[in-house]
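Participant: output the structure for:
(chains A, B, C and D)
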Number of protein chains: 2
Amino acid sequence: MPTTRTAGGEATRQKLIEASYRLITSRGYHATSMRDIASEAGITAGSIYNHFPDKEQIVKEVLLAYHPIMKVMPVLEQAEGLSVSELIHDAARRIMHEIDASPGILNLIYIELIELNGRHLQELIGTMFPLVQGFLERVYSSGETIRPQDPLLLFRGLIGQLLGYGLTRAAIAASSVEQGREASLDDFVDIFLHGVLE
Amino acid sequence: MPTTRTAGGEATRQKLIEASYRLITSRGYHATSMRDIASEAGITAGSIYNHFPDKEQIVKEVLLAYHPIMKVMPVLEQAEGLSVSELIHDAARRIMHEIDASPGILNLIYIELIELNGRHLQELIGTMFPLVQGFLERVYSSGETIRPQDPLLLFRGLIGQLLGYGLTRAAIAASSVEQGREASLDDFVDIFLHGVLE
DNA sequence: CCTACCGATCGGTAGG
DNA sequence: CCTACCGATCGGTAGG
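Facilitator: Sure, this is the predicted structure:
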């Protein structure tokens, strides 16, 4: 019954990828052993090698499935709004929603960049670049005046603002700094759209 | 001659911290072995333990000496400008200058947060919080109208914008994305001050 | 998919 | 500050 065998094998393979994601994003790549991954997925260490040739291949599949570039960029296509302001607010909300749905997903940025020396970044960016361009064309073809002439600058600024929101929020949570009213994502996007001055 | 012995020991200790900083920021904490650190500092593995009780204590000293919170916040005191715009532009330039002077320094954020589970974050933030408050008071006492009512929101936005600049710049460098005119730090700060719209 | 095992490397110690 | 070593754990393999 090869069909059943394949289906079962495929299920285990998915379990291994999910287990790897959870462990790697919470401890880092080098602190996660093949034995950790195996037991989290409910099998023994040796059996992993029926599904993946080595540890590097596992983390590569984790990146292709979960890296923010892969998970987040696609929602740009669904963003909508009648003005540039609405479009960007909506895009930001959808991006943050996707990030909040996968705990630890932002950690993959660092893990890829440092622990894996950015080996897979070019492939990831290359895959998603057309999606970004499509979104930016919608923004810039709205007819409204947009100050940055370079669309890539606007996009870097937007991503930066969202990263800043996510990272400072994580830092505040981890350090229990007292604060007044909880700053929201919309506050950050508002700064991005209109600035802090005037 | 205890003075000479102490001085020599102190020099070795500093070498070990610098060596650890270089290795840990480029490979991560768990990928850096005590043997790596020792040989980078020019001694053998066992000798490290004449200077530090264990690996955890080394990375703690690296964080206290190099973590962006420790290295970057102090320059806020030196920032100057006759308007809020000038003050923030100057602060941003000084911060970025400090970051560029220590390659890999931003990586320590990730290493502390993930590989060390944020164990030292509260201590780091606690030490530097008064400096941040001093800077924010200067900004808010200028008399100019500032849109965010919560100073912490303004600060998170500024830090976020700088992180976004640094991280997207690193990603572009690592992935060789084509781009037009190189976006500069001042462009990012300009977005922060005035927004992308209007 | 498991058990049993491999050589290599890890953090840390003893003794000088 | 070095040499020599410890027990533990690592990624990966063999054989069933």
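Participant: tell me which parts of chain A are close to DNA strand C?
Facilitator: A:Gly8, A:Gly9, A:Thr12, A:Ala38, A:Gly42, A:Ile43, A:Thr44, A:Ala45, A:Gly46, A:Ser47, A:Asn50, A:His51 (Cβ under 7 Å from any atom of the strand). To be clear about C-beta, it is placed using only N, CA and C from the backbone, and glycine gets the same treatment.
Participant: how is chain A partitioned into domains?
Facilitator: Listed by automatic domain parsing, the domain ranges of chain A are A:2-55, A:68-194.
Participant: follow-up on the earlier one: minimum pLDDT in the residues of chain A next to DNA strand C, which residue is that?
Facilitator: Lowest pLDDT of the residues of chain A next to DNA strand C: A:Gly8, 72.
Participant: between the residues of chain A next to DNA strand C, which is nearest DNA strand D?
Facilitator: Using Cβ to the nearest atom of the strand, A:Gly46 comes nearest to DNA strand D of the residues of chain A next to DNA strand C, at 3.0 Å.
Participant: in three-state terms, label that closest one for me.
Facilitator: Three-state call for A:Gly46 (DSSP: H, G, I helix; E, B strand; the rest coil): helix.
Participant: show me which residues of the host helix or strand of A:Gln133 are buried.
Facilitator: Take DSSP states H and E as the rule and A:Gln133 turns out to sit in helix A:121-140. Of all the residues in helix A:121-140, those buried under the rule 16 or more other Cβ atoms under 10 Å in any protein chain shown are A:Leu121, A:Leu124, A:Ile125, A:Met128, A:Leu131, A:Val132, A:Phe135, A:Leu136, A:Arg138, A:Val139.
Participant: residue nearest the middle of chain A, spatially speaking?
Facilitator: Per Cα atoms, centre = their mean, the C-alpha nearest to the average position across chain A is that of A:Pro68, at 1.7 Å.
Participant: most tightly surrounded among the domains of chain A?
Facilitator: Each of those was scored by mean neighbour count; the highest is domain A:68-194, a mean of 18, by mean count of other Cβ atoms under 10 Å in any protein chain shown.
Participant: so for it, mean pLDDT?
Facilitator: 92.
Participant: that one near DNA strand D anywhere?
Facilitator: No. Domain A:68-194 is not in contact with DNA strand D by Cβ under 7 Å from any atom of the strand; minimum separation 11.8 Å.
Participant: kindly check the end-to-end length of that domain for me.
Facilitator: Domain A:68-194 has an end-to-end distance of 26 Å (Cα to Cα, to the nearest Å).
Participant: the residue nearest to the centre of chain A - nearest residue in space that isn't next to it in sequence?
Facilitator: In this structure, A:Pro68 finds its nearest non-sequential neighbour in A:Ile105, 5.7 Å apart by Cβ to Cβ, 6 or more residues apart in numbering or on different chains.
Participant: which SSE is the residue lying closest to A:Asp186 once chain neighbours are set aside in?
Facilitator: Nearest non-adjacent residue to A:Asp186, counting by Cβ to Cβ, 6+ apart: A:His89, 6.7 Å away. Counting by DSSP H and E, the element that carries A:His89 is helix A:84-101.
Participant: chain center to the helix or strand following that helix: distance?
Facilitator: Under the assignment DSSP H and E, the closest C-terminal helix or strand after helix A:84-101 is helix A:107-110. Centre-to-centre, helix A:107-110 and its host chain are 8 Å apart (Cα atoms, centre = their mean, to the nearest Å).
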